[in-house]
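J.: predicted model and sequence below, questions to follow.
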Amino acid sequence: MKPLPLRIALVASALGAVSALPAAAQTPPATATEAPRTAEVVAEVSTERTVIAVPAFATPAVTNVAGLRTDTLGRQVAEVIAADLERSGLYAPLGPGSVRAISMTEVRAPNFADWQAKNADNVVHGFVQASGTGGLVVGCYLYDTALGTELVRQGFEIQPGDWRRAAHKCADAIYSRLSGESPFFDSRVAYIAESGPKGNRIKRLAIMDSDGGNHRFVTNGQALAISPRFSPDYKKIVYVSYLNNRVRVFIYDVTSGSQKLVTESANATFAPRWSPDGRQILYSMAVGGNTDIYRISADGGTPVRLTSTPGIDVGGSFSPDGKKIVFESDRSGSQQIYTMNIDGSNQQRISFGGGRYATPEWSPRGDLIAFTKMGGGEFRIGVMTPSGGGARMLTNSWQDEAPTWSPNGRVIQFFRTSPGKDGKSQLWQVDLTGVNLRRLPTPQDGSDPSWGPILP
Amino acid sequence: MTIRKTTAMIAAITMLTVGACAKKAPDTLPPAPEGSGGDTGTGTGTGVVPGSQEDFVANVSSDRIFFDLDQYNVDAQDQTTLQSQAQWLARYPAVRVTLEGHADERGTRDYNIALGERRANAAKNYLASLGVDSNRIQVISYGKERPAALGSNEEAWAQNRRAVTVVISR
């Protein structure tokens, strides 16, 4: 299908076109088959959360747009918004399943007494209507019920297939207004979908929205696929494929479905990462058993070798300003985290907390580095400053691995593996408090998540 | 160490059941089997194609060597195993092999690929030191992607920290 322009504009001021992207069929996230009733989640329930009522959005006239009814969409948009707010851990939304629907008139003139009676601190109102040009207009309002004031007013003109994005944009506006943080819901994740027995796992590249919606398998599973990373513009995915029984880094073009090698080499190449501007790629290459880190233009050319110790130097993640790289090395005798300049100079160890440290990922805010710490029989996700200070652990499990940052640097996704021959790997996310821990529903098991930036 | 001995014992028993010789590889080949079919599971020892993967497994002390946690050195027991493999490879100079390097699940994914590379190359280098042309040996690391033992305990992990020699079928 030819990509259609997605126009997201403030209804009131009618700002111009912002972005173009393929109009994808909108599908909901898979249902979590088991409730993650862990101690952490129970603890989270006891904390004080802002109650936000999110009734079904109204529609001025029930219209069928591209097979979608505006009244049905009104309820679905509210459900997606409520789920986003719930997943953030900061809010206790009352979704369309638990509060009454609203009339079109109420959208601009809420009945504040009603919502205060529901103990709602805030209420989200909105509408879905046909745009008249084959698209939809979604309006999104946030009110303070006690003060009776309007806090957010946004409108989005969209292609019908992008209705979930409008809901995420609305949730982002609400989250940003109430928390003071940058938005993160309207973003996407690449990961590895896993199935089959432990000794012969089928691993497929897959992509989805940050909430698991619009899920799509990208590769067919015939070749083992691992460690994907979305390009900053979401047009490409760099990953490792065992195609033809070799270990090589490929760039997969999401639009065309074609892929190409990052570099031609007889040696194994793996652990790829994009630079923040998407113009360069880091990868690791093993030569005669010795692994080092290289940097190459995403368009090809001559790679630059950045490390040259006899130990394993592997992985890597750029700082958001593109000037430094954090990576792991066992040059000291065990896996530890180091930083260096992008030309490979000034290599310095920053992890000194005991145990092994791996999979460093620089926050898009620049202030923290997330990592996997191994020790005491556990693999845990933690964060520390780029100079190695203030290290603290966010999770506590048998095997948590491979953190990836939300676009606003406040939430981390990772994968959690359970032990034994029937052990599963599943995607989870945790916020920087370590309190709000959630499993991300996926159709199959999941690993190696890679969270991309906020969509324009 | 106990685990390693157990594994070696199992390997030896397996070899006896297929009718071939144990630890030390024979100086001369067993009689060429009639026909083919290669049903090596029946215990008759017939139907094995000379120079095949089945022949290799039946006539070397083991197709794999094992490593300690986060290590990749080839110890005395590994050397014995690789010597038997080198002798077999000397009899079939046209045969090429893949050396698969593996790690246990208790490591991070990328590091384990690098560790598997180290292990496979350690085995390759030792075979080369015994006179096997290194051009006959290709290396691939599976990291923790293809465990042989599926449990999550020390015994399973010890079996998974391995380098396996596999004959490339022609």
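T.: Received, thanks. Numbering: from 1, shown residues only, chains lettered A, B, ... in the order given.

J.: going forward, measure contacts and count neighbours with C-alpha atoms only.
T.: Noted.

J.: how about the residues of chain B near chain A?
T.: B:108, B:110-111, B:114-115, B:117-122, B:140-141, B:145-152 (CA under 8 Å from any CA of the partner chain).

J.: what's the single longest helix in the chain?
T.: All of this refers to chain A. For chain A, the longest helix by residue count, based on DSSP state H, is helix A:70-88.

J.: try again with chain B
T.: For chain B, the longest helix by residue count, based on DSSP H, is helix B:109-129.

J.: report all helices and strands that it contacts.
T.: Counting contacts by 3 or more CA pairs under 8 Å, 6 or more residues apart in numbering or on different chains; DSSP states H and E, helix B:109-129 packs against strand A:290-297, strand A:313-318, helix B:76-91, strand B:97-102, strand B:137-143, strand B:162-167.

J.: which of those sits most buried?
T.: strand A:313-318 (a mean of 28; mean count of other CA atoms under 10 Å in any protein chain shown).

J.: report whether it contacts chain B.
T.: Yes. Contact of strand A:313-318 with chain B (CA under 8 Å from any CA) involves A:314, A:315.

J.: list the helices and strands that strand packs on?
T.: Contacts defined by 3+ CA pairs under 8 Å, 6+ apart place strand A:313-318 against strand A:268-274, strand A:280-287, strand A:290-297, strand A:324-329, strand A:356-362, helix B:109-129.

J.: who's in contact with the last one?
T.: By that I understand helix B:109-129. For helix B:109-129, the surrounding residues in contact (CA atoms under 8 Å, 6 or more residues apart in numbering or on different chains) are A:270-271, A:286, A:288-291, A:312, A:314-315, B:67, B:70-74, B:79, B:82-83, B:85-86, B:99-104, B:134, B:137, B:139-144, B:162-164.

J.: can you check the second one too?
T.: Identification of contacts with strand A:280-287 by CA under 8 Å, 6+ apart yields A:249, A:267-275, A:291-298, A:313-317, B:114, B:117.

J.: and the first one, by the same measure?
T.: Under the criterion CA under 8 Å, 6+ apart, residues A:227-232, A:238-240, A:246-249, A:280-287, A:314-318, B:110, B:140 lie in contact with strand A:268-274.

J.: residue B:130 touches residue B:84, doesn't it?
T.: No. Look at residue B:130 against residue B:84 with CA atoms under 8 Å: they stay out of range, at 10.3 Å.

J.: so the longest helix of chain B versus strand B:162-167, what angle?
T.: 60 degrees (axes from the mean of the first three to the mean of the last three CA atoms, to 10 degrees).

J.: helix B:109-129: how far from the chain's middle?
T.: Its chain's average C-alpha position is 13 Å from that of helix B:109-129, according to CA atoms, centre = their mean, to the nearest Å.

J.: next: stretch B:66-77.
T.: That offset, for stretch B:66-77, works out to 14 Å (CA atoms, centre = their mean).

J.: with stretch A:374-387 instead?
T.: Worked out by CA atoms, centre = their mean, stretch A:374-387 lies 20 Å from the chain centre.

J.: just the buried positions in that stretch, please.
T.: Residues A:374, A:378, A:379, A:380, A:381, A:382, A:383, A:384, A:385, A:386 are the ones in stretch A:374-387 that count as buried (16 or more other CA atoms under 10 Å in any protein chain shown).

J.: residue B:169: neighbour count?
T.: By other CA atoms under 10 Å in any protein chain shown, the residues close to residue B:169 number 10.

J.: burial measure for the closest residue to it other than its chain neighbours, as a count.
T.: Nearest residue to residue B:169 in three dimensions, chain neighbours excluded: residue B:52, at 7.0 Å (CA to CA, 6 or more residues apart in numbering or on different chains). By the measure other CA under 10 Å, the count of residues near residue B:52 is 18.

J.: for residue A:376, which non-adjacent residue is closest in space?
T.: Using CA to CA, 6+ apart, the nearest residue to residue A:376 is residue A:355, at 7.9 Å.

J.: nope, residue B:72 is what I was after
T.: Leaving aside its sequence neighbours, residue B:72 sits nearest to residue B:119 (CA to CA, 6+ apart; 4.9 Å).

J.: repeat that for residue A:29.
T.: residue A:213 (3.9 Å).

J.: quick check: the gap between that neighbour and residue A:309.
T.: To residue A:309, residue A:213 is 43 Å away according to CA to CA, to the nearest Å.

J.: looking at these two, which one has more neighbours?
T.: residue A:213 (20 against 13).

J.: now do the residue nearest to residue B:169 against chain A, distance only.
T.: Distance of residue B:52 to chain A, computed by CA to the nearest CA, to the nearest Å: 19 Å.

J.: kindly report the same for residue B:54.
T.: In terms of CA to the nearest CA, residue B:54 sits 21 Å off from chain A.

J.: sec struct for that residue, please.
T.: helix (DSSP: H, G, I helix; E, B strand; the rest coil).

J.: that one and residue B:48 touch, don't they?
T.: Yes. Between residue B:54 and residue B:48 there is a contact at 6.2 Å, judged by CA under 8 Å.

J.: what about those two, which has more around it?
T.: Neighbour count, other CA under 10 Å: between residue B:54 and residue B:48, residue B:48 has more, with 23 against 18.

J.: got the contact list for the nearest residue to residue A:331 once chain neighbours are set aside?
T.: Spatial nearest neighbour of residue A:331, excluding adjacent residues (CA to CA, 6+ apart): residue A:311 at 4.6 Å. Residues near residue A:311 by CA under 8 Å, 6+ apart: A:290, A:291, A:329, A:330, A:331.
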